[in-house]
Every structure is written in structure tokens, then in C-alpha cells.
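Q: just coords:
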């Protein structure tokens, strides 16, 4: 049985366009099947109402809508395949200026993309990682209160951070300076203030660096032009604080999760709400996604992790190793992911098994370990896991504990069935957010005196800041 519940307006089951004009009651060309907003190269299936529609609008590929309607399924597959091969050839030609692009290079790229899509691509990089030194840390300070979320652009040029002070800052990583700051507003000034007026709890950046999304405790999601940091749109619909945001890779499809126990799907290009997904029995604490039209969520105290198969309109339910609160989650590849819980445990998961493939209890010690990861024994529950991250399609992972004052790096071995500790980097304070850069050269952490979702404990010695750890690898 599917637990999916479609988002509907009062009269119709079609996606609701937020902020747009009221829809006409006249029969629509798209009145048959429900619309799904996807990538620009996918058409929207619909049934015609039988009336003549003389629409010759052209898409960015040069095809008019009338031409696409006359395409057979086979012709469409062939056209998209040719476009994909042309795109790969162009990308390889740009990246290999002095080399000739031949069939072998194209074949290798196709094989690489297929392994990535099926979740079987896992580069071995953790064994070559050098232990980060204190000199490898770069500190950015600008927020007055705890930093709750941080993201890094695909080209590793820009950092974006947000805080409990309701502000957003764009940083230049190369120049190590603040580029633009969106100040937070006072409560009650929502109608006139451009920006957030409540704690910002979540942030996501689209793969192409075009859109930045931020979510707050006021149940709002704000969309920004990530270049000039100009406000574009506000999505409303959640009934609880927005706790997680993620863009589907290489698209502008945005997935959000909330303390209202729901997951919502939005199309940023269309400024449109698409649908709502229900299933969790407690406040959802985190969400992540990659290329597939899927999302994974951590369900807090319902002690479950869920994989939302959006096209199939179904969900997979994974049960934690014990009755814990699953607080953070990160995809390793399309089939494996890692979670952190409030009993100080890390778990590795695979899409084919409903229980963890591996669980490391007492993953973070009570006190700050040294650079080699040595630390005293831990007590379960005394040091819950606040954030996790994975360098996609590799064996390198990272986690942070609430009180032990460190970020730990891990190696995933035995086909994601075991975790090996590599080293620990001392960082004082709550590490509320972790993200690897796409090229693996940086690990970015959002640090604060308090946890992003509450004020259960405060570390006055911590600095509200962004910590960038420069990662180096041994050349073999």
C-alpha cells in the first residue's frame, strides 16, 4: 500500500501554483493526467480535451511543442540519447584541451555515469587521505548566533551560511571574505522585510549554482538568486518548522521536510508546489537526494529512515537498530546512506535491507580526541550525533558529535558493510552542518554554541563560525 498523499487544492488534484493568478475554470489542455514538473528535457504527459491548440512555442533544444507531440516514444529516446552523447562529447572536449576525444573516452564516461546512477560507483580515496593539521583549518566569522547550515558551490568558489540570527551570508572561499549578507529581521516585520525573521534551519544550493533555498522556523522556504543574492520567491505550505532542504542533482526540483511530518516537492523554475508525501510518525529532522527522483529522510523519534520513490509513488521504511532518534542523514551513493542518532551511534544502510548493514555505537567520545582519533570511552546518549556527510560515490565519510568537540572522518569498507575510523579534527562547539566539496578538497562545517533545533545545552567557549577543513591526499 502506498503512503503517498498528493497535495491538492480544494477543487482539483493538480499541482497548485503558489503566488500565481487564480486558475480559470474553463477546460484545460492539461486536464487529464496529473502534471509532474521535471527537467527541461522531459515533456509533461497530458490528455487533450479534443479542442484545437495551435501552440508552436519552442523549447531550448529548438523543438516546438507541436513537433514533440508528434514524436513516438522511440523517436524521443533516440533524440535524447543523441543530445546526451553530444553533451558528453562537449564536456570531455572542454576538460581535455590537449587530448583528442575518441570513442574510448566516451565509452569510459558512459560507464562511469551508469555506475553512478545505479549506486555501484565507489572511488577509493579514504586510504590516501592525509591527517588534517590545525593549519589546514580556515575560519569564517560573521554570524552573531549559532550557524545552523552551510553549503559549498560545485566549483568550490562560494560558501553560503545561515544562522539562528536569521541572516544569510555568501562568502568567497578563494579570497576568504564576505561577499554579501542578507540581514535577519525582527519578528512581526515579515511583510516588509526581505529575508527571514525566524531561525534559519535548512539550506540547499542547486547543482548549477543558480538557486539557493533557505527554510526557517516560520514554516517558510525562501528562494534566492545565488549569484547576486537577490530574493526571488517564498514557498508556503508547511505547518511546522522547515528542518531540511535538498535539490535533486542537475535539476531545479526542490525537496523539503518539516516538523509537520511531511515531505513536500516544489519546482523552483515554475515557482510551483507539486505534491506532499506523508508517512513519518514524528518530526522529520533531515533530508537528502542525488540524481534519481528519490529522497531519503530521517524520522527523528519514530526511529525510521524512509526512501521516497517518487515516480513509483511508494516508500521504503528502514528501522533503526534500537528506539533512538535518527537526527541526520546523508546519501553515499544512490543505494547506500549513513545516519546519526541521539544514542551516539552511526549506521550504514543499503537500499536492499531494512536494518542497518553496520552500526558503530559510541562513535564520538566524551572529550575531544587528539588528531589521531584517540579518545576516552563514551557513554551511550551522552554525546549524540549532530551531523553527517559523505563525499559522494567514494568511501570517505564525516560525522560530528554534540559535546566531544571534534569532527571525525571515516572510511567505508567491505562494500558499505563496515566503518573504520580515520582521524579526528578538533572543533569546539556544536557542528550543526557538514558538507564535502564536489572535488573532495574541502570539508565545510557550520559551528555554533547551540544545536540548530534547540537550546538544550550551550557551549560558551565555542565560536559561531564556519570552519573549512582543507583535505589533502597522498599521490601514488
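A: Great, that's in hand. In this text the structure is predicted, and so the values were computed from the model without any measurement.
Q: Flag every buried residue along the host helix or strand of residue 305.
A: Using DSSP states H and E, residue 305 falls within strand 304-309. By neighbour count on 16 or more other CB atoms under 10 Å, the buried set for strand 304-309 is 304-309. Glycine gets a C-beta too; all of them are placed from N, C-alpha and C.
Q: Stretch 439-456 now?
A: Quick answer for stretch 439-456 (16+ other CB under 10 Å): 440, 442-453.
Q: Any chance of JSON lines for the residues you listed, columns pLDDT?
A: Shown next, in JSON lines, are the buried residues of stretch 439-456 (pLDDT from 0 to 100):
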{"residue": "440", "pLDDT": "95"}
{"residue": "442", "pLDDT": "97"}
{"residue": "443", "pLDDT": "97"}
{"residue": "444", "pLDDT": "98"}
{"residue": "445", "pLDDT": "97"}
{"residue": "446", "pLDDT": "97"}
{"residue": "447", "pLDDT": "96"}
{"residue": "448", "pLDDT": "95"}
{"residue": "449", "pLDDT": "94"}
{"residue": "450", "pLDDT": "94"}
{"residue": "451", "pLDDT": "93"}
{"residue": "452", "pLDDT": "93"}
{"residue": "453", "pLDDT": "91"}
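Q: Tell me the one among those residues nearest to residue 147.
A: Nearest to residue 147 among the buried residues of stretch 439-456: residue 446, at 3.9 Å, using CB to CB.
Q: quick one: strands adjacent to the helix or strand hosting the closest one?
A: Here residue 446 sits within strand 442-448, counting by DSSP H and E. With DSSP bridges as the test, strand 442-448 is paired with strand 430-436 (antiparallel), strand 465-470 (antiparallel).
Q: Remind me what the longest helix along the chain packs against, helices and strands.
A: Among the segments of the chain that qualify as a helix by DSSP state H, the longest is helix 73-95. Applying 3 or more CB pairs under 8 Å, 6 or more residues apart in numbering; DSSP states H and E, we find helix 73-95 packed against helix 103-117.
Q: about what we covered before: just the closest of the buried residues of strand 304-309 to residue 356, please.
A: Nearest to residue 356 among the buried residues of strand 304-309, with distances taken as CB to CB, is residue 305, at 9.1 Å.
Q: can you count the residues close to the residue nearest to residue 259 when sequence neighbours are not counted?
A: Of all residues beyond its chain neighbours, the one nearest residue 259 is residue 240 (3.4 Å), with distances taken as CB to CB, 6 or more residues apart in numbering. Other residues lying near residue 240 total 15 when counted by other CB atoms under 10 Å.
Q: Quick check: phi and psi on residue 240?
A: Dihedral angles of residue 240 (phi, psi; degrees, to the nearest 10) stand at phi -150, psi 170.
Q: Tell me the pLDDT of it.
A: You'll see residue 240 listed with a pLDDT of 97.
Q: Could you pull up the contacting residues of it?
A: 219, 258-261, 283 (CB atoms under 8 Å, 6 or more residues apart in numbering).
Q: what do you get if the cut-off is 10 Å, keeping everything else the same?
A: By CB atoms under 10 Å, 6 or more residues apart in numbering, the contact list for residue 240 reads 217, 219, 257-262, 283-284.
Q: Kindly report the same for residue 238.
A: 215, 218-221, 256-260, 262-264, 276.
Q: quick one: the strands in the stretch 201-350 of the chain?
A: Applying DSSP state E, counting those that start in this stretch to the stretch 201-350 of the chain gives strands spanning 211-216, 220-225, 230-236, 242-247, 253-258, 262-267, 272-278, 286-288, 294-298, 304-309, 314-319, 326-331, 336-341, 345-350.
Q: For those strands, give me a markdown table that also has distance to residue 160.
A: Output for the strands of the stretch 201-350 of the chain, formatted as a markdown table (distance: least, CB to CB, whole Å):
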| stretch | distance to residue 160 |
| --- | --- |
| strand 211-216 | 6 |
| strand 220-225 | 9 |
| strand 230-236 | 14 |
| strand 242-247 | 12 |
| strand 253-258 | 15 |
| strand 262-267 | 19 |
| strand 272-278 | 24 |
| strand 286-288 | 17 |
| strand 294-298 | 21 |
| strand 304-309 | 25 |
| strand 314-319 | 30 |
| strand 326-331 | 18 |
| strand 336-341 | 23 |
| strand 345-350 | 26 |
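Q: Out of those, which is closest to residue 360?
A: For residue 360, the closest of the strands of the stretch 201-350 of the chain is strand 345-350, at 4.6 Å, according to CB to CB.
Q: pLDDT weak spots in the stretch 251-400 of the chain?
A: For the stretch 251-400 of the chain, residues meeting the criterion pLDDT under 70 lie at 366-382.
Q: sorry, back to before: tell me which strands the strand holding residue 305 pairs with, and in which orientation.
A: According to DSSP bridges, strand 304-309 has the following sheet partners: strand 294-298 (antiparallel), strand 314-319 (antiparallel).
Q: any idea of the angle it forms with strand 326-331?
A: Here the directions of strand 304-309 and strand 326-331 differ by 40 degrees (axes from the mean of the first three to the mean of the last three CA atoms, to 10 degrees).
Q: Can you give me the distance of residue 144 to residue 165?
A: When distance is defined by CB to CB, to the nearest Å, residue 144 is 4 Å away from residue 165.
Q: do residue 399 as well
A: Residue 399 sits 26 Å away from residue 165, going by CB to CB.
Q: for residue 194, same thing?
A: 16 Å.
Q: Residue 160: how many residues sit nearby?
A: 26.
Q: Isn't it up against residue 211?
A: No - Residue 160 sits out of contact with residue 211 when judged by CB atoms under 10 Å, with a separation of 11.2 Å.
Q: I figured residue 307 was touching residue 299, is that so?
A: No - between residue 307 and residue 299 there is no contact under CB under 10 Å: 11.7 Å.
Q: what about residue 85, how many residues close to it?
A: 13.
Q: just residue 169 next, same as before
A: By other CB under 10 Å, the residues close to residue 169 number 23.
Q: Excluding chain neighbours, give the residue nearest to residue 472 in space.
A: Among residues not flanking residue 472 along the chain, residue 130 sits closest, at 4.7 Å (CB to CB, 6+ apart).
Q: Could you list the domains of the protein?
A: Per the record, the chain has its domains at 73-117, 126-470, by automatic domain parsing.
Q: Now do residue 255 against residue 292, distance only.
A: From residue 255 to residue 292 the distance is 12 Å (CB to CB).
Q: of these two, who's got more company?
A: Shown here are residue 255 and residue 292; by other CB under 10 Å, residue 255 has more neighbours (27 against 18).
Q: OK, contacts around the more buried one?
A: Neighbours of residue 255 in contact, by CB under 10 Å, 6+ apart: 204, 213, 244-248, 263-266, 274, 277, 287-289, 293-297, 308, 310.
Q: next one: residue 125
A: Counting by CB under 10 Å, 6+ apart, residue 125 touches 391, 393-396, 411, 440, 471, 473.
Q: cool, residue 283 as well?
A: Here residue 283 is in contact with 240-241, 243, 257-261, 298-302, 325, 453 (CB under 10 Å, 6+ apart).
Q: one more time with 6 Å, if that's ok
A: By CB atoms under 6 Å, 6 or more residues apart in numbering, the residues touching residue 283 are 259, 300.
Q: Likewise for residue 124?
A: residue 395.
Q: where exactly do the strands run in the stretch 351-476 of the chain?
A: 358-361, 385-390, 396-401, 406-413, 418-426, 430-436, 442-448, 465-470.
Q: All set now, cheers.
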